[in-house]
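Novice: how would this look folded up:
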Amino acid sequence: MGIVVQKYGGSSLADADAIKRVARRIVDIKKAGHDVVVAVSAMGDTTDDLVDLANGVSPLPPAREMDMLLTAGERISMALVAMAISDLGFTARSFTGSQAGVITDSVHGKAKIIDVTPGRITQAIGEGHIVIVAGFQGVSADTKEITTLGRGGTDTTAVALAAALEADVCEIYTDVDGVFTADPRIVPTARKLSKVSYEEMLELAACGAKILHLRCVEYGRRYGIPIHVRSSFSQLEGTWVVSDPQTSGPSEEDTMEQPIIAGVAHDRSEAKITVVGVPDKVGEAARIFEALAEAQINLDMIVQNVSAAATSLTDISFTLPRTDGQVAMTALARIQAEVGYDKLLYDDKIGKVSLIGAGMRSHPGITSKFFAALASAGVNIGMISTSEIRISVVVDESSVDDAVRATHSAFDLDADEVEAVVYGGTGR
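Specialist: You can find the predicted model right below:
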């Protein structure tokens with residue numbers, strides 16, 4: 001029948017009873033005639049607990065040793081799931097990321113997968129076993145060291161395995177029933193999407209929707225792997241992430257045209273830095289962003305003001321992950337004399353709200369309706385950024401919830417009744 005790859009997050013594996021429930025679900029797929037490969041996260045809050053433990057031992061733990069520590073969480077899960085499957089009368093083989101052939105670069109803490117060589121997995125499948133793989137980890141091609149993939153790494157592991165094994169589908173099990181038009185914790189009347197395109201899901205993920213990680217969706221799009229996001233706590237059909245929602249997926253009951261708006265995403269994890277008084281000369285902006293690149297900092301929104309005629313000075317503002325804020329400030333402080341800017345301003349009390357939908361391409365008036373909704377909610381806009389299918393604004397952190405609700409209602413995204421159930425409480 002083909003290979004099905006599944007991923008189970010920490011909330012789906014929170015305790016012994018949850019692990020047994022997951023094992024029964026895996027065995028059901030095997031009984032239906034499929035070969036099954038499963039990527040697992042660490043149980044519950046294990047990873048956070050290990051990070052706290054490390055910080056209690058050392059104020060600055062070496063990155064290599066942190067990876068050695070954190071990969072233990074997934075190894076515990078994989079062994080326990082394999083044991084539970086064995087008790088149900090089926091054989092399972094568990095593998096660490098390196099044993100499964102997940103090859104990465106050498107960056108500790110946020111490594112990228114560069115190849116998957118699933119020889120041991122295909123051999124185990126051929127012998128009739130269910131395969132359990134520890135997610136979130138791999139082995140460096142250069143240094144042969146154990147690496148971790150960063151937040152959402154098990155999602156990425158699962159889709160990478162699906163691509164390498166040419167699986168029929170990659171099922172991402174979490175604690176909500178699929179992808180919703182907004183975070184159900186903020187908008188209880190958010191609607192579940194039956195299908196969403198890779199490009200819309202990429203924008204949703206990049207803009208703060210935590211249901212799927214950005215790199216996971218990128219991998220799925222690159223290799224054309226259908227991703228089915230669903231809950232491990234129910235049997236409901238979830239959300240299919242596919243290339244074309246009108247022609248792809250399990251059913252063809254869709255309307256003639258895709259909805260204009262796929263959803264509203266928000267992100268409270270960013271900070272804003274403004275470089276004040278930058279000389280308006282060729283190369284100055286390049287030097288600023290080179291310094292940030294050398295510090296391995298990913299930027300999001302960038303705005304440069306028009307320079308003042310009297311002073312020939314300009315301000316450059318950008319957003320970045322809040323966790324990288326102080327690293328960025330330090331990197332920029334080193335080049336102050338070289339660039340000649342006046343000062344740096346740092347603001348970590350911001351949030352980003354984004355409106356996403358492929359239908360924006362062919363429907364005018366989306367921007368005006370978005371801004372009118374924000375104005376009606378009394379939300380002030382700090383920065384604006386757009387793509388072909390997205391409009392993002394930076395607002396005060398305290399205004400994020402109001403902005404999301406107002407936008408969701410303005411575009412008629414509310415369901416008639418509450419559809420969203422958060423079974424596990426974390427969304428991961």
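Novice: Count the residues that sit near residue 127.
Specialist: As a burial measure, residue 127 scores 9 neighbours (other CB atoms under 10 Å). The C-beta positions use only the backbone N, C-alpha and C, and glycine is treated the same way.
Novice: For the stretch 101-250 of the chain, which segments are assigned as strands?
Specialist: Ranges of strands in the stretch 101-250 of the chain, per DSSP state E, counting those that start in this stretch, are 102-104, 113-116, 130-134, 137-140, 146-148, 169-174, 195-197, 227-231, 239-242.
Novice: Please name whichever of those is nearest to residue 213.
Specialist: strand 169-174 (9.5 Å; CB to CB).
Novice: among the strands of the stretch 101-250 of the chain, which is the most enclosed?
Specialist: strand 130-134 (a mean of 28; mean count of other CB atoms under 10 Å).
Novice: hmm, back to that, go through the strands of the stretch 101-250 of the chain and name the closest to residue 365.
Specialist: Using CB to CB, the strands of the stretch 101-250 of the chain put strand 195-197 closest to residue 365, at 21.7 Å.
Novice: what helices or strands is that closest one leaning on?
Specialist: In terms of contacts (3 or more CB pairs under 8 Å, 6 or more residues apart in numbering; DSSP states H and E), strand 195-197 is packed against strand 239-242.
Novice: ok so, going back, mind putting the strands of the stretch 101-250 of the chain into a markdown table with mean pLDDT and distance to residue 43?
Specialist: Conversion of these to a markdown table gives the following (pLDDT from 0 to 100; distance: least, CB to CB, whole Å):
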| stretch | mean pLDDT | distance to residue 43 |
| --- | --- | --- |
| strand 102-104 | 97 | 20 |
| strand 113-116 | 95 | 23 |
| strand 130-134 | 98 | 12 |
| strand 137-140 | 97 | 15 |
| strand 146-148 | 97 | 16 |
| strand 169-174 | 94 | 14 |
| strand 195-197 | 93 | 29 |
| strand 227-231 | 94 | 18 |
| strand 239-242 | 94 | 25 |
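Novice: Mind putting those strands into TSV with distance to residue 283?
Specialist: Below are those laid out as TSV (distance: least, CB to CB, whole Å):
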stretch	distance to residue 283
strand 102-104	35
strand 113-116	33
strand 130-134	46
strand 137-140	35
strand 146-148	36
strand 169-174	44
strand 195-197	39
strand 227-231	42
strand 239-242	41
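Novice: so which of the ones you listed comes closest to residue 57?
Specialist: The nearest among the strands of the stretch 101-250 of the chain, by CB to CB, is strand 146-148 at 17.9 Å.
Novice: could you list every residue that touches residue 349?
Specialist: Neighbouring residues of residue 349 by CB atoms under 8 Å, 6 or more residues apart in numbering: 396-398.
Novice: again, only this time at 10 Å
Specialist: 268, 271-272, 322, 396-398 (CB atoms under 10 Å, 6 or more residues apart in numbering).
Novice: Skipping adjacent residues, who's closest to residue 265 in space?
Specialist: Among residues not flanking residue 265 along the chain, residue 207 sits closest, at 3.8 Å (CB to CB, 6 or more residues apart in numbering).
Novice: So what's the residue count around that neighbour?
Specialist: Residue 207: 22 surrounding residues under other CB under 10 Å.
Novice: Nearest residue to the middle of the chain?
Specialist: residue 213 (1.9 Å; CA atoms, centre = their mean).
Novice: The residue nearest to residue 265 and residue 394, how far apart?
Specialist: For residue 207, the distance to residue 394 equals 12 Å [CB to CB, to the nearest Å].
Novice: Check the contact lists of these two and give me the overlap.
Specialist: With CB under 10 Å, 6+ apart as the test, residue 207 and residue 394 both reach 267, 300, 352-353, 385.
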